[in-house]
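1. No sequence on hand, only this structure:
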């Protein structure tokens, strides 16, 4: 079914107040699709949608799957009481990620109305720095004492909230220090009379609450885990980060990388209001303007030559454009390799040499084509020759800049992708014009 | 410990032939780190490394975690017999992804030496199209008949290969059609005397063997699953794709997206030999050259004006550069939103309008700054005025092109990121020069 038809279908169910059918249809679509549909509805239908589903926990997941620029708009339809209804039935790792997205004053007034235990728990989670393991963990890691038997461990799982995601059982000592992990399947496989401490895997991989969440993602991905426990500095078990969170983190990391390359701020998402987007982009584009003037002033140096040979102006975009795209290619390859942890140590030099060599080769060949075209178009051999030399040089510089910039940023302990797109094109513009117009000036008497 | 120190540490263990210590150290580092270290070793040490670890299954995972350009180089150290040793102990979903990366003739000769059952299984898997669910699935999904009891299901798991990853037990009918799923924890929770068909979740989410693997990734991520079953057209259970594969897919998808934007081919990885990289990039850069000449010919149209007002050549890079970066920003936001399935239907127009509006705003402000600078630098008010108008227009076009191009590519059933970076800068170069030099020609008498 086409998307707009789906929206229409859901809209009708909403207007008919057909709760059962609506729940069934939304369950089939999945919560992400449902969230997309909710966003598409007009304000009046959104309000109805929320009212019909208010008593159903499916609504919670749908709201969480709304992109967070769309959330305030949708939540505006709900009274504080209705919000409390939703919040108090949410599993403990959701309520904070939900609250977090509301305006500060709303957060405060809602918190005050929540039950004490939930309020205290949220207060604890919200203390951790943004995007730390502590902030995103599920605070109820299921654990047993090392002295327990396998059958007691199984009992613990049987009695737990069936909503809780359990992938491993964590083994702790009397003070709550993390000692080991027991995968669920080994509980099934082992003799019920065995001690948990005998079946557990010791030296468990864990992250600290203050670590960046990307660390947890790395641990889970590299070690093919289903979850990683979160501990404090003294190695007390605090919570757990599960593999489905990791998928989200990996996706967000990729988004951030692309955004940083293009000089975009993380919140510049598709549904952010236009004035906020414009304001954020202005900052970066102003910086970009400065670098553009750098390129312009290089051209300014050679005003004399251009006034004598206007054809130079025609080929400026070719030299700059090819250099910019070549540099972006090297940059993309390098940035991705750094992000995926593919290179390190001595390899850096090998990669740098390779990119320069590739730039030289590609520059020599495309430059030759450009030179030949220019020679025949403008009827001047030397113009073609200068273009060839300039493009070869600039593509070589592009390979160098494209691979050096992310490595340098990383050495400076910055994000290797940060604004790298603009930096690379500045490099290739400046050096492209410098070599092309510089060489042209040297050969000026043959060009006129 | 610093990376190069780690390499040195491992190299010493390898040279001492200290197998136990080596295994212990590598297990602590994780297989991905170990693979990176292996790659860093000199040929002689690589050979030793392989020999010391040959009998240990840890080696298999390390080899699989080598980036695939590095694999042939490393495997060249091994005889066919040694390769067979490794292959025949690999779990069934690894052997193919391993073999696949070897040269065709080597593949053939190795296949012939493998046990018949393994050979037949590989023949089956390798029939599926590249990057389909069938090709990447684990062919042993653990299943029970619907008529089994929970305790029998538990027995099945107890008896299975402990290496096998089990997240769900799949329930099939007598002919092997997929009927439902049982999460492991509900096996633990349920009464052993219950029928499996009573505890299973019906209507299981499944993918078809011929579906693209990205479909499996989407299913797992959106529904927060640990694994998704793979079925044939008649809904027979064939295998399973697990969440750790999904993390790899998500990462590769992000890489592909960035690569496509920059016009890079997927195999243009950091360790591919330079001549292969150069050859691949040449294709795209030749196309890019054509588009660059499009921009050049636009400038050619206004040769007359430039020869009269050389200052125009100075500001060309400013107009083009700002437009290019603005367009890339819109492009990045739109491409990511499409890849993450964030938009659809009517929203497309809302986003387009927004990007155009943002472009206009940012263009108006940065254009004003540019205009003022140009006025004072060149002492001509009209030059500044023309620049302001041109930048405003070009940034508006950049917002339009940046969001239209990926949407158009998608409508044409192409990858929305395919070469979009070059397309956008072509747009902004061509229209930037057209508006700037066009307006300048209109106002020419005030500029001279």
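-> It's in. Values in this document were obtained by computation on a predicted structure and should not be read as measured data.
2. Heading C-terminal from the helix or strand where residue A:408 lies, find the next helix or strand.
-> Assessed by DSSP states H and E, residue A:408 sits inside helix A:381-411. Going down the chain from helix A:381-411, the next helix or strand is helix A:420-442, by DSSP H and E.
3. Show me the shaky parts of chain A.
-> Per-residue confidence for chain A (pLDDT under 70) gives these ranges: A:1-2, A:67-69, A:92-93, A:162-163, A:344-346.
4. Find the closest residue to chain B in it.
-> Across chain A, the shortest distance to chain B (CB to the nearest CB) belongs to residue A:254, at 3.4 Å. Placement of C-beta: from N, CA and C, glycine included.
5. isn't that residue right up against residue B:254?
-> Yes: Residue A:254 is in contact with residue B:254 according to CB atoms under 8 Å; the separation is 3.4 Å.
6. just to revisit the earlier point, helices and strands around the helix holding residue A:408, which ones?
-> With contacts taken as 3 or more CB pairs under 8 Å, 6 or more residues apart in numbering or on different chains; DSSP states H and E, helix A:381-411 sits against helix A:311-339, helix A:347-378, helix A:420-442, helix A:444-447.
7. deepest of the ones you listed, which one?
-> Among these, the stretch with the highest mean neighbour count (mean count of other CB atoms under 10 Å in any protein chain shown) is helix A:311-339, at a mean of 28.
8. Domains in chain A, by residue range?
-> Chain A breaks down by automatic domain parsing into domains covering A:3-131, A:143-259, A:274-447.
9. how far does the longest one stretch from start to finish?
-> Criterion CA to CA, to the nearest Å; first-to-last residue distance in domain A:274-447 is 49 Å.
10. Quick one: distance of that domain to the chain centre.
-> 27 Å (CA atoms, centre = their mean, to the nearest Å).
11. any chance you could read off phi and psi for residue A:203?
-> Torsion angles at residue A:203 (phi, psi; degrees, to the nearest 10) stand at phi 40, psi 50.
12. who touches it in this structure?
-> The contact partners of residue A:203, taken as CB atoms under 8 Å, 6 or more residues apart in numbering or on different chains, are residue A:180.
13. Of the domains of chain A, flag the one that's most buried.
-> Most buried of these, by mean neighbour count (mean count of other CB under 10 Å): domain A:274-447, with a mean of 22.
14. Same list, the helices and strands packed on helix A:381-411, but as TSV with distance to residue A:33 please.
-> Listed next are the helices and strands packed on helix A:381-411 as TSV, based on distance: least, CB to CB, whole Å:
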stretch	distance to residue A:33
helix A:311-339	29
helix A:347-378	41
helix A:420-442	33
helix A:444-447	62
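15. what would these look like in TSV with distance to chain B?
-> Formatted as TSV, those follow (distance: least, CB to the nearest CB, whole Å):
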stretch	distance to chain B
helix A:311-339	4
helix A:347-378	4
helix A:420-442	6
helix A:444-447	14
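16. Which one, of those, ends up nearest to residue B:137?
-> helix A:311-339 (26.3 Å; CB to CB).
17. Compute the inter-axis angle for the closest one and helix B:311-339.
-> Interaxial angle of helix A:311-339 relative to helix B:311-339 (axes from the mean of the first three to the mean of the last three CA atoms, to 10 degrees): 30 degrees.
18. Show me what the helix or strand residue A:186 falls within packs onto, helices and strands only.
-> Using DSSP H and E, residue A:186 sits in helix A:184-189. If you count contacts as 3+ CB pairs under 8 Å, 6+ apart, helix A:184-189 packs onto helix A:150-159, strand A:168-172, helix B:150-159, helix B:184-189.
19. where's the closest residue to residue A:15 other than its chain neighbours, which helix or strand?
-> Leaving aside its sequence neighbours, residue A:15 sits nearest to residue A:48 (CB to CB, 6 or more residues apart in numbering or on different chains; 6.6 Å). With secondary structure defined by DSSP H and E, residue A:48 is part of helix A:43-53.
20. Outside of the helix or strand following that helix itself, list whatever touches it.
-> Per DSSP H and E, the first helix or strand lying C-terminal to helix A:43-53 is helix A:58-65. Helix A:58-65 is contacted by residues A:23, A:26-27, A:31-32, A:34-35, A:38, A:50, A:53, A:71, A:74-75, A:86, A:89-90, A:94, A:97-98 when judged by CB under 8 Å, 6+ apart.
21. Residue A:365 reaches residue B:279, doesn't it?
-> No: in this structure residue A:365 lies outside contact range of residue B:279 using CB under 8 Å: 10.0 Å.
22. In CSV: the helices and strands packed on helix A:184-189, plus distance to residue A:294.
-> As requested, the helices and strands packed on helix A:184-189 are arranged in CSV below (distance: least, CB to CB, whole Å):
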stretch, distance to residue A:294
helix A:150-159, 63
strand A:168-172, 55
helix B:150-159, 65
helix B:184-189, 61
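23. So which of these is nearest residue B:378?
-> Among the helices and strands packed on helix A:184-189, strand A:168-172 sits nearest to residue B:378 (CB to CB), with 69.2 Å.
24. Distance from that closest one to the middle of the chain?
-> Mean-position distance between strand A:168-172 and its chain equals 31 Å (CA atoms, centre = their mean).
25. Ok, stretch A:203-214 next?
-> Distance of stretch A:203-214 from the chain centroid (CA atoms, centre = their mean) equals 19 Å.
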